[in-house]
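**Q** make a model of this:
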Amino acid sequence: MIASISGKVTHVGLGDLIVEANGVGYSIFVTTKLALEVRLGSDVSLRTAHIVREDSQSLYGFSNAEELTAFNLLCSVSGVGPKSALAVMGTLGVDGLAQAVASADDSMFRAVSGIGPKTAKLIVLSLTGKLSLTGSESKTSNISEANVVAALIGLGYPERAAKKAVEDTTEPNMTEADLLRGALSQLANARRVANDV
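**A** Got it, this is the predicted structure:
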């Protein structure tokens with residue numbers, strides 16, 4: 001697994017670089033922002049995600065570990081591939097991504113090419129509690145409950161049911177991710193009981 005690459009830039013495209021390290025040229029997908037910052041012939045050091053598929057291998061490069069972590073979290077969301085994750089990173093950056101998730105603003109993700117409404121809601125739902133502007137997880141003592149209710153409503157649950165599920169699940173010092181999982185479990189159980197009646 002290739003975790004990082006340091007070397008000389010021998011090619012700069014709109015969304016890719018070729019970095020030569022120890023006589024080997026590595027083709028690396030990067031955000032347009034990073035591509036514009038890099039100069040041909042300059043030395044760079046990138047953190048990389050090495051994506052291996054049955055028919056291909058791809059490298060995605062980032063300036064620091066925080067960007068790489070955010071990219072990997074995006075790739076963990078169902079329906080988000082590495083190209084879409086890179087597009088989100090290029091549009092929002094780490095802070096913008098964290099802000100969009102914290103405020104449950106899926107419209108920021110829908111603005112990214114290749115991200116539809118359902119996937120945008122899934123990103124918010126999946127990453128809530130995993131990203132923050134300070135690097136620490138959000139606690140329910142802040143605005144977490146409102147965020148979780150908004151995320152559940154966005155997924156199609158009635159507001160009253162969403163609020164009740166969140167209230168029934170809330171415990172001190174829970175992260176938003178824990179609260180979301182618990183509320184979804186409550187709603188799923190309620191749906192099963194209703195179907196059995």
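**Q** for the residue nearest the centre of the chain, list the residues it contacts.
**A** Residue closest to the average C-alpha location in the chain (CA atoms, centre = their mean): L74, at 2.9 Å. Residues near L74 by CB atoms under 8 Å, 6 or more residues apart in numbering: 80, 84-85, 88-89, 97, 123, 127. No exception for glycine: its C-beta is placed from N, CA and C like everyone else's.
**Q** surely A177 meets V124?
**A** No - taking contacts as CB atoms under 8 Å, A177 lies outside contact range of V124: 11.5 Å.
**Q** looking at these two, which one has more neighbours?
**A** Legend: neighbour count by other CB atoms under 10 Å for A177 and V124, higher for V124 (24 against 18).
**Q** which SS class is the more buried one?
**A** With DSSP: H, G, I helix; E, B strand; the rest coil as the basis, V124 sits in helix.
**Q** in the helix or strand where M89 lies, what counts as buried?
**A** Element membership of M89, judged by DSSP states H and E, is helix 82-102. Buried residues in helix 82-102, counted by 16 or more other CB atoms under 10 Å: 82, 84-94, 97-102.
**Q** same deal with stretch 177-185?
**A** 177-184.
**Q** now those in CSV, with distance to G13 and pLDDT?
**A** Shown next, in CSV, are those (distance: CB to CB, whole Å; pLDDT from 0 to 100):
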residue, distance to G13, pLDDT
A177, 36, 74
D178, 42, 78
L179, 42, 81
L180, 39, 83
R181, 41, 82
G182, 45, 86
A183, 44, 86
L184, 41, 88
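**Q** what's the closest of those to E159?
**A** Comparing the buried residues of stretch 177-185 against E159 with CB to CB places A183 closest, at 12.7 Å.
**Q** coming back round to it: which of the buried residues of stretch 177-185 fall in helices?
**A** 177-184 (DSSP state H).
**Q** I'd like those laid out as TSV, including distance to F62.
**A** Output for these, formatted as TSV (distance: CB to CB, whole Å):
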residue	distance to F62
A177	23
D178	28
L179	30
L180	27
R181	28
G182	33
A183	33
L184	31
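**Q** in this protein, where is pLDDT below threshold?
**A** 132-144, 173, 197 (pLDDT under 70).
**Q** do you have the helices of it handy? List them.
**A** Taking DSSP H, the helices of the chain run over residues 32-37, 65-75, 82-102, 107-110, 117-127, 145-154, 159-169, 176-196.
**Q** quick check: L155 touching L125?
**A** Yes - judged on CB under 8 Å, L155 makes contact with L125 at a distance of 6.5 Å.
**Q** more neighbours, the two?
**A** For L155 versus L125, the count of surrounding residues by other CB under 10 Å is larger for L125: 22 against 16.
**Q** roughly how far does the more buried one sit from S6?
**A** L125 sits 37 Å away from S6 when distances are taken as CB to CB, to the nearest Å.
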